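Q: build me a structure from this.
(one chain, ligands or ions: 2)
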Amino acid sequence: MASGELILLIWNDLVGLSRTRGVPVSQYERRMDHGLGWALAGQSLTPFEDIAPNPWGPLDEVRQTPDDSTRRRVEFFDGLPPLHMVLCNSMNTDGTPWECCTRSFMQQALDDLEAETGLSLHIAYENEFLLSGEGMEWAAPFSIDSIRRVAPFADLCTSALLAADVGLETFEPEYGVGQYEVSCGPAVGISGADRVVITREVIREAARQCDIQASFSPKPAPEAVGNGCHLHLSLWDKNHRPVGFDPDGPGQMGPIAAQFVAGVHRHLAALTAIAAPSPVSYLRLGPHHWSCGYDAVGVQNREAAIRICPSPDKNPETRGNAFNIEIRSTDATASPYLAIGAMIRAGLEGIRGKLPAPTMIDEDPADMTDARRAELGINELPGSLGAALDAFHADTVATGWFTPTMVEAYTAVKRLEAATYEASTPEHMCERYGHAY
Ligand code: GLU
Ligand code: MG
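A: Ligands and ions are numbered 1, 2, ... in the order given. Model prediction:
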């Protein structure tokens, strides 16, 4: 009998969910060139069972085509079928990338960054999540108790993440009840986002095998602590040297990093529609949760949307290696490809326009008066998905990073999500998104 093992062909869509179709291992080879067909309208699925109005209707399909370099085969227990998966690009039948392929969108942004500046991007993501199920009663935040009560899960998850080669650095308890965090080291370019997709699926599988559930939703319950996905970026030159750090620059940023940050800062309201793109995202974003409610930039400021992370290294030769910029508004309902791709586009605008560094804020913006915030140029981030989409559409530079078809499809699916949950209770909305993500 042929092996029943499946390889899951995975693509991460406009709503940041990893969708899949499986093929028998024995047939993978012949799927490598042209992948599997997928109806275009499938890109307009909400996280639930609805398909938003879309430009395609019942016509046409893309080929979900594996990038074999991303393939991972992770064994969990003896006798349990391994999690065997490969990430795909959505290609037109003529072999060009589909305009609504999230992975190709990010790759194109990376290519443009490199073509125009000679720079590459090192990317690391933090993954906060909540576990629910047996044994998730109250434990002190960050306590040994909270990690030891899930020791079998933590151990299984760690082994699986090491096997998946995602650069696992830490597995730790977080502030909330049942909340944990997995951090991975930086990876270059597209693999920085691939890692996020793989890491989440491995964590979910480890939880599943331990009869608990992992949710990365930004707010799994109205009273729960929010889950963020802070995004860390640094710019490197062709000789593998970091260019972001300058001890004498604003916030210790070199000129290029300062321009990049200024670009992201300028477009932050529009970027919120991509980086915090669900109705439930706005139960998380806000002051006094370390998740940011204002578009401030500051050194080591956890209430700023953009935190400059200085290097702990004292050696002047290597000090710039760990220096990076953290974007804190991002959550797991965003496609990492879309969120990072859009951040690159915004940063590139800053570099092109040689924008000056934003003012460095070393206080909690929520504690300032309106007048003081206005004086420092600090604005509130959009307070709802609808407001974020309005800000996106008002920023024609930002909409210009996408093709008109992509803007139309993305807006329609996000407006449908906003409308669906407009009148619902926070409990219901949190429950639905908690299951989906
Ligand atoms: N949970 C917080 C958030 O939603 C972040 C806490 C931290 O800084 O680790 O972003
Ligand atoms: Mg954290």
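
Q: for the residue nearest the centre of the chain, list the residues it contacts.
A: Most central in the chain under CA atoms, centre = their mean is residue 336, positioned 3.4 Å from the mean C-alpha point. By CB atoms under 8 Å, 6 or more residues apart in numbering, the residues touching residue 336 are 12, 16, 125, 193, 196, 197, 229. All C-beta spots, glycine's among them, are computed from the backbone N, C-alpha and C.

Q: right, and residue 177 touches residue 136 too?
A: Yes: shown here, residue 177 and residue 136 form a contact pair, counting by CB atoms under 8 Å, at 6.9 Å.

Q: how many neighbouring residues does the spatially closest residue to residue 254 that is not a sequence neighbour have?
A: Nearest residue to residue 254 in three dimensions, chain neighbours excluded: residue 246, at 3.9 Å (CB to CB, 6 or more residues apart in numbering). The tally of other residues near residue 246 (other CB atoms under 10 Å) stands at 17.

Q: how close does residue 246 sit to ligand 1?
A: 26 Å (CB to the nearest ligand atom, to the nearest Å).

Q: got phi/psi on that residue?
A: phi -150, psi 110 (degrees, to the nearest 10).

Q: that one contacts residue 255, doesn't it?
A: Yes: with contact defined as CB under 8 Å, residue 246 reaches residue 255; the gap is 7.3 Å.

Q: neighbours around the residue in the stretch 101-250 of the chain positioned nearest to ligand 1, how many?
A: Using CB to the nearest ligand atom, residue 228 is the residue of the stretch 101-250 of the chain that sits closest to ligand 1, at 2.4 Å. Applying other CB under 10 Å, we find 25 other residues in the vicinity of residue 228.

Q: how about residue 240?
A: Count around residue 240 with other CB under 10 Å applied: 9.

Q: now residue 251: how far from residue 358?
A: Residue 251 sits 9 Å away from residue 358, going by CB to CB, to the nearest Å.

Q: so what's in contact with those two at the same time?
A: Taking CB under 8 Å, 6+ apart as the contact criterion, the common neighbours of residue 251 and residue 358 are 261, 297.

Q: skip the chain neighbours and tell me the closest residue to residue 128.
A: The shortest distance from residue 128 to any non-neighbouring residue, by CB to CB, 6+ apart, is to residue 227 (4.1 Å).

Q: need the three-state assignment for the one you found.
A: The three-state label given to residue 227 by DSSP: H, G, I helix; E, B strand; the rest coil is coil.

Q: tell me, what's the model's pLDDT at it?
A: On pLDDT, residue 227 comes in at 98.

Q: thought it was touching residue 220?
A: Yes: Residue 227 lies in contact with residue 220 (CB under 8 Å); the separation is 7.1 Å.

Q: okay, and the common contacts of these two?
A: residue 130.

Q: burial check on residue 117, number of neighbours?
A: Residue 117 sits with 18 neighbouring residues when counted by other CB under 10 Å.

Q: and it, how far is that from residue 354?
A: Per CB to CB, residue 117 is found 12 Å from residue 354.

Q: overlap of the contact sets of these two?
A: If you check residue 117 and residue 354 against CB under 8 Å, 6+ apart, no residue is contacted by both.

Q: if we can go back for a sec, residues touching the residue nearest to residue 128, list them.
A: Contacts of residue 227 (CB under 8 Å, 6+ apart): 128-130, 179, 215-220, 284, 331-332.

Q: repeat for residue 333
A: 15, 16, 47, 217, 218, 276, 277, 278, 280, 281, 433, 437.

Q: how about the nearest residue to it, chain neighbours excluded?
A: Residue 333 sits nearest to residue 278 (CB to CB, 6+ apart), 3.9 Å away.

Q: how about residue 152?
A: Using CB to CB, 6+ apart, the nearest residue to residue 152 is residue 210, at 5.8 Å.

Q: burial measure for that neighbour, as a count.
A: Other residues near residue 210 come to 21 when the count uses other CB under 10 Å.

Q: same question for the one 10 residues further on.
A: Residue 220 is flanked by 28 other residues according to other CB under 10 Å.
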